[in-house]
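> got a structure for you, letters missing:
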């Protein structure tokens, strides 16, 4: 991925879509904080966000996905391989790029992230739902990484593609968790920069000696 591609300005349609998505998620999270996850309905989210039910389901398949974040649909096959092929000697970086390629942008709403973290800390059910979403996305990434290593054995660093994929994915997850602490201390939209990911990976190396 070139620097030009990374920093290309977001189009008007994409910005409008992201604003609507943020409004839906923010409404869902705030309702969950006020009422409890189990008492939130799609109709209540729509009323709070001032949207129709059809608009809601254009963005989210379910109420739970709006509250804790939906699992990310990771591309597979050649679409995924083309991303991983750009960093053949650095699978964790490739997975980081693939994750945000699937999302479609690198913007993180810090206020929403902070509210979600509060929700998860206060309500067990929210944490359970979020973990399911994270595990589903992680399973997709791991499956793609394993398939890529089998198709590109010359780039494998370990004897087991499954083990190498799992370790690379753990590193990405750890870096994202570390970065979340910084994001939740900000406000508004922040960007998931590749340079931040690489900095955190370097910190891992320092810890490992």
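Right, received. Where do you want to start? Everything numeric in this text was worked out from a predicted model, so none of it was measured. Numbering: from 1, shown residues only.

> residues touching residue 90, list them.
Contact analysis of residue 90 by Cβ atoms under 8 Å, 6 or more residues apart in numbering lists nothing. No exception for glycine: its C-beta is placed from N, CA and C like everyone else's.

> next one: it from residue 199, what distance?
Counting by Cβ to Cβ, to the nearest Å, the gap from residue 90 to residue 199 is 14 Å.

> and if you look at residue 29?
Using Cβ to Cβ, residue 29 is found at 29 Å from residue 199.

> same check on residue 152?
With Cβ to Cβ as the criterion, residue 152 and residue 199 are 27 Å apart.

> quick check, pLDDT for residue 1.
At residue 1, the model reports a pLDDT of 43.

> dihedrals phi and psi, residue 190?
phi -120, psi 160 (degrees, to the nearest 10).

> identify the bridge partners of it.
Taking DSSP bridges as the rule, residue 190 bridges to residue 108.

> if I read this right, it contacts residue 180, doesn't it?
No. Using Cβ atoms under 8 Å, residue 190 makes no contact with residue 180, being 10.6 Å away.

> so those two - more neighbours on which side?
Each of residue 190 and residue 180 has its neighbours counted (other Cβ atoms under 10 Å); residue 190 has more, 20 against 16.

> output the below-cut-off pLDDT ranges for this protein.
1-10 (pLDDT under 70).

> next, the buried residues of the helix ranked longest in the chain.
Counting residues, the longest helix found in the chain (DSSP state H) is helix 124-151. For helix 124-151, a neighbour-count test (16 or more other Cβ atoms under 10 Å) marks 125-126, 129-130, 133-134, 137-138, 140-142, 144-149 as buried.

> next: stretch 15-33.
Residues of stretch 15-33 classed as buried by neighbour count (16+ other Cβ under 10 Å): 17-18, 20-33.

> repeat for stretch 33-42
Neighbour-count burial for stretch 33-42, counted by 16+ other Cβ under 10 Å, picks out 33, 37, 40, 42.

> now do the helices in this protein.
Using DSSP H, helices in the chain cover 3-6, 12-35, 42-49, 53-59, 63-68, 77-84, 91-103, 110-122, 124-151, 161-183, 194-208.

> and residue 136, how far is that from residue 82?
The value you get for residue 136 to residue 82, if Cβ to Cβ is used, is 23 Å.

> give me the neighbour count for residue 187.
10.

> list the buried residues in stretch 160-175.
Across stretch 160-175, burial judged by 16+ other Cβ under 10 Å covers 161, 164-169, 171-173, 175.

> cool, stretch 193-209 as well?
By neighbour count with 16+ other Cβ under 10 Å, stretch 193-209 contains the buried residues 194, 196-197, 200-201.

> now those as TSV including distance to residue 185?
Formatted as TSV, those follow (distance: Cβ to Cβ, whole Å):
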residue	distance to residue 185
194	20
196	13
197	18
200	15
201	21
